[in-house]
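Asks: Structure, please.
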Amino acid sequence: MSTIVAPLTQPDVSAVKQILIAGLSERSGAYERRYNPAIESFQNYYAESLSLVAKSAGEVVGIGVLYPVGARPAETVRSKGSDRWPGKGRRPPQIAS
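Replies: A predicted model of the protein is given here:
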């Protein structure tokens with residue numbers, strides 16, 4: 001089964017939030033909405049960024065956000081893979097056209 005990378009679309013937002021919340025919950029033991037405005041309003045918060053999703057069998061398995069910074073082309077400001085698909089990030093993905 002292949003993994004593709006494509007720009008974030010509105011239908012992907014819920015799955016992206018779940019992946020990010022799961023990662024934060026695992027790391028800190030709990031997720032508190034008030035401390036995570038970037039996740040709560042994901043598309044608005046990262047409106048100036050390029051948000052990409054990795055998908056396998058149509059399911060979002062990872063997220064990456066590239067944010068333009070000064071003279072540098074971009075900086076990765078957030079990335080996370082789904083715990084349901086361990087190892088998916090180890091193989092080079094196909095880039096969706």
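
Asks: So which residues of this protein form helices?
Replies: 13-28, 37-40, 42-45 (DSSP state H).

Asks: Need the pLDDT of residue 53.
Replies: Turning to residue 53, the model gives it a pLDDT of 90.

Asks: Touching, it and residue 5? I think so.
Replies: Yes. In this structure, residue 53 is within contact of residue 5 by Cβ atoms under 8 Å, at 7.2 Å. Every C-beta, even on glycine, is put in place using the N, C-alpha and C of the backbone.

Asks: What is the least confident helix or strand in the chain?
Replies: Lowest on mean pLDDT, DSSP states H and E among the helices and strands of the chain sits strand 94-95, with a mean of 48.

Asks: so where's this protein shaky on pLDDT?
Replies: Along the chain, the model assigns pLDDT under 70 to residues 1, 72-97.

Asks: Most remote residue from the middle of it, which is it?
Replies: Within the chain, residue 71 marks the point farthest from the mean C-alpha position, 24.1 Å out by Cα atoms, centre = their mean.
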